[in-house]
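Chemist: Take a look and give me a structure for this.
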Amino acid sequence: MFKKILKDKNFFKKKKNLIKFKSPDINFKLIKKIISEKGFVLKRKKNFFNFNELKSLYYTVASSLILIFASFLLPLSVNIKEDITLSKQTIENNSNINFQKVLDGKPINEDLDQALDTKNLFEDIFTFEEVPTDTVRLSASTVKELFEDTEYDLNKIRKTKIVKPVKLSLLPGEIKNIESTQEKKKLFLEIILPLILEENNRIKLDRIKLFKILKKNNNTSSEIRWLNSKFKQYGVVKKDLSTLKIRMDEVPVSLALAQAAKETGWGTSRFAIEGNALFGQWTFSGEGIKPAGADAQDGTHKVMKFKVLKASVRAYQRNLNTHNSYREFRLARAIMRDREEKLDSLELAEYLDKYAATGKEYTKVLKKIIKQNSLQDFDKVKLLPTSIQLKNII
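Modeler: Numbers count the residues shown, from 1 in each chain. This is a model prediction of the structure:
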């Protein structure tokens, strides 16, 4: 409106409307007074984003943004703090020195592969047990048909050294009714073999990662976290890398097969059928199956039971790799590794005399099972890979 008046030449040319400005600056109040005398109303245009009128709203929005930003940064700062803490941790690598002392017969730390922290020893096995699985028990005839359809055959495996990843969670209940001993053994080995190979592959990958870490001068926070989890998993105290190297290793396939055959009667025992217990491990506090011939007054002796066969295999390997009774077994295996020899199941069986009450007789039975069934044919077989990582170790 004001611009319109300024453009109106007649408005200021009339004598009674003629105004002389002494100051070159336009006074808004003076102009407003003149405009008002002429019957017009002059107002300032309101700004929609007027700070005074919307001040409380602006403060609310700003506060909300600050809170959101702070909540985003808080967990990030915690992670950064944790990474800084981990990066400051040092895990002394004396494993090669200590292991050489073992080979030379020199005294070393008394705790090497002896002290055992059982707190987290079977934690991953219990977690694995909680994972939903297909627990449908197939009949023996159905399992045979499945193996035939997939061309999965023990005799073929002996020649090709390749095992298809055909894995079952439960043993067929009718396996004990198979009249032919050879057929019974064959079916049992075909079911158990992939499970043992899968667990050995898992340990192989862990060993590859461990030795990569040991070759580095500095480790990342994620590598340190991984090492700490493995120390717990294998019950290693004082973060001793020498002990971890000795414990984190495979059990020869032929030895595991022989022990499973011995402990289950080639899959026919009720411990194997009812509790998926392939290796006859005892428990004194956990869930288990009471042996039929046990003393009625002995309320502690039970055979461990598992929800699936795979859990039994993992628990067996963890037992051999951590329990003090098998320390000589692990040392003999480590010496074979250091000499770059194959893991000889017949030789390693000698160190499992504490596995059963029969002692040395037990080791003789194991070696007999290995020889009579040519189980060492399976020590070099490979499980067809289910991931890129596993392809690299075939």
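Chemist: make it CA atoms for all contacts and neighbour counts henceforth
Modeler: OK.
Chemist: got the domain boundaries for this structure?
Modeler: Domains of the chain are assigned by automatic domain parsing as 23-88, 98-391.
Chemist: Please work out which of the ones you listed is packed deepest.
Modeler: domain 98-391 (a mean of 17; mean count of other CA atoms under 10 Å).
Chemist: ok, for Glu250, nearest residue in space, not its chain neighbours?
Modeler: Asn200 (5.4 Å; CA to CA, 6 or more residues apart in numbering).
Chemist: Just say helix, strand or coil for that neighbour.
Modeler: helix (DSSP: H, G, I helix; E, B strand; the rest coil).
Chemist: that older thread, of the domains of the chain, which shows the lowest average pLDDT?
Modeler: Per-stretch mean pLDDT for the domains of the chain is lowest at domain 23-88 (a mean of 58).
Chemist: Which residues does the helix or strand Ser229 falls within contact?
Modeler: Take DSSP states H and E as the rule and Ser229 turns out to sit in helix 221-233. Under the criterion CA atoms under 8 Å, 6 or more residues apart in numbering, residues 83, 86-87, 117, 119-124, 210, 213, 237, 239, 244 lie in contact with helix 221-233.
Chemist: ditto for stretch 164-179
Modeler: 133-140, 143, 152, 184, 191, 194-195, 267-268, 272-273, 276, 308-310, 383-386.
Chemist: From those residues, which land in helices?
Modeler: Applying DSSP state H to these, the entries found in helices are Ala140, Val143, Lys184, Ile191, Pro194, Leu195, Ala272, Ile273, Leu309, Lys310.
Chemist: can you tell me which of the residues you listed lies nearest to Glu361?
Modeler: Nearest to Glu361 among those, counting by CA to CA, is Ala272 at 22.7 Å.
Chemist: mind listing what the closest one touches?
Modeler: Taking CA under 8 Å, 6+ apart as the test, what Ala272 contacts is Leu171, Thr264, Leu278.
Chemist: Can you lay out those as JSON lines showing secondary structure and distance to Leu343?
Modeler: Below are those laid out as JSON lines (DSSP: H, G, I helix; E, B strand; the rest coil; distance: CA to CA, whole Å):
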{"residue": "Leu171", "secondary structure": "coil", "distance to Leu343": "28"}
{"residue": "Thr264", "secondary structure": "helix", "distance to Leu343": "24"}
{"residue": "Leu278", "secondary structure": "coil", "distance to Leu343": "22"}
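Chemist: Dump those to CSV, plus distance to Leu331.
Modeler: Listed next are the contacts of Ala272 as CSV, based on distance: CA to CA, whole Å:
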residue, distance to Leu331
Leu171, 34
Thr264, 27
Leu278, 25
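Chemist: where exactly do the strands run in the protein?
Modeler: Using DSSP state E, the strands of the chain run over residues 162-163, 282-283, 288-289, 302-304, 382-383.
Chemist: Put together a markdown table for these, with distance to Leu346 on each row.
Modeler: Output for these, formatted as a markdown table (distance: least, CA to CA, whole Å):
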| stretch | distance to Leu346 |
| --- | --- |
| strand 162-163 | 23 |
| strand 282-283 | 24 |
| strand 288-289 | 31 |
| strand 302-304 | 26 |
| strand 382-383 | 20 |
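Chemist: circling back to that earlier point, so which pair among the ones in helices among the contacts of stretch 164-179 is furthest apart in space?
Modeler: Lys184 and Lys310 (20.0 Å).
Chemist: separation between the residue lying closest to Gly267 once chain neighbours are set aside and Gly265?
Modeler: In space, not counting the residues next to it along the chain, Gly267 is nearest to Phe188; the distance is 6.2 Å by CA to CA, 6+ apart. Phe188 is 10 Å from Gly265, where distance means CA to CA, to the nearest Å.
Chemist: about what we covered before: and the helix holding Ser229, C-alpha only, in PDB?
Modeler: Presented in PDB, the C-alpha positions along helix 221-233 are these (Å, rounded to 0.1, in the frame of the first residue of the first chain):
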ATOM      1  CA  SER A 221      39.500 -55.500  19.300                       C
ATOM      2  CA  SER A 222      37.400 -58.100  17.500                       C
ATOM      3  CA  GLU A 223      40.300 -60.600  17.500                       C
ATOM      4  CA  ILE A 224      40.900 -60.100  21.200                       C
ATOM      5  CA  ARG A 225      37.200 -60.700  21.800                       C
ATOM      6  CA  TRP A 226      37.300 -63.800  19.800                       C
ATOM      7  CA  LEU A 227      40.400 -65.100  21.700                       C
ATOM      8  CA  ASN A 228      38.700 -64.400  25.000                       C
ATOM      9  CA  SER A 229      35.600 -66.400  23.900                       C
ATOM     10  CA  LYS A 230      37.900 -69.300  23.000                       C
ATOM     11  CA  PHE A 231      39.700 -69.100  26.300                       C
ATOM     12  CA  LYS A 232      36.300 -69.600  28.000                       C
ATOM     13  CA  GLN A 233      35.200 -72.300  25.600                       C
END
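Chemist: on that earlier part again, of the contacts of helix 221-233, closest to Glu340?
Modeler: Of the contacts of helix 221-233, the one sitting nearest to Glu340 (CA to CA) turns out to be Leu210, at 17.6 Å.
Chemist: who touches the closest one in this structure?
Modeler: With CA under 8 Å, 6+ apart, Leu210 has these contacts: Leu227.
Chemist: Next, the contact list for Thr268, please.
Modeler: Counting by CA under 8 Å, 6+ apart, Thr268 has contacts Ile175, Lys176.
Chemist: Quick check, Leu189 in contact with Ala258.
Modeler: No. Judged on CA atoms under 8 Å, Leu189 makes no contact with Ala258 at a distance of 9.6 Å.
Chemist: was I right about Ile196 contacting Val253?
Modeler: Yes. Ile196 lies in contact with Val253 (CA under 8 Å); the separation is 6.7 Å.
Chemist: Surely Met342 is in contact with Met336?
Modeler: No, residue 342 isn't Met; it's Lys. Yes. With contact defined as CA under 8 Å, Lys342 reaches Met336; the gap is 6.7 Å.
Chemist: what touches both of these two?
Modeler: With contacts defined as CA under 8 Å, 6+ apart, no residue is shared by Lys342 and Met336.
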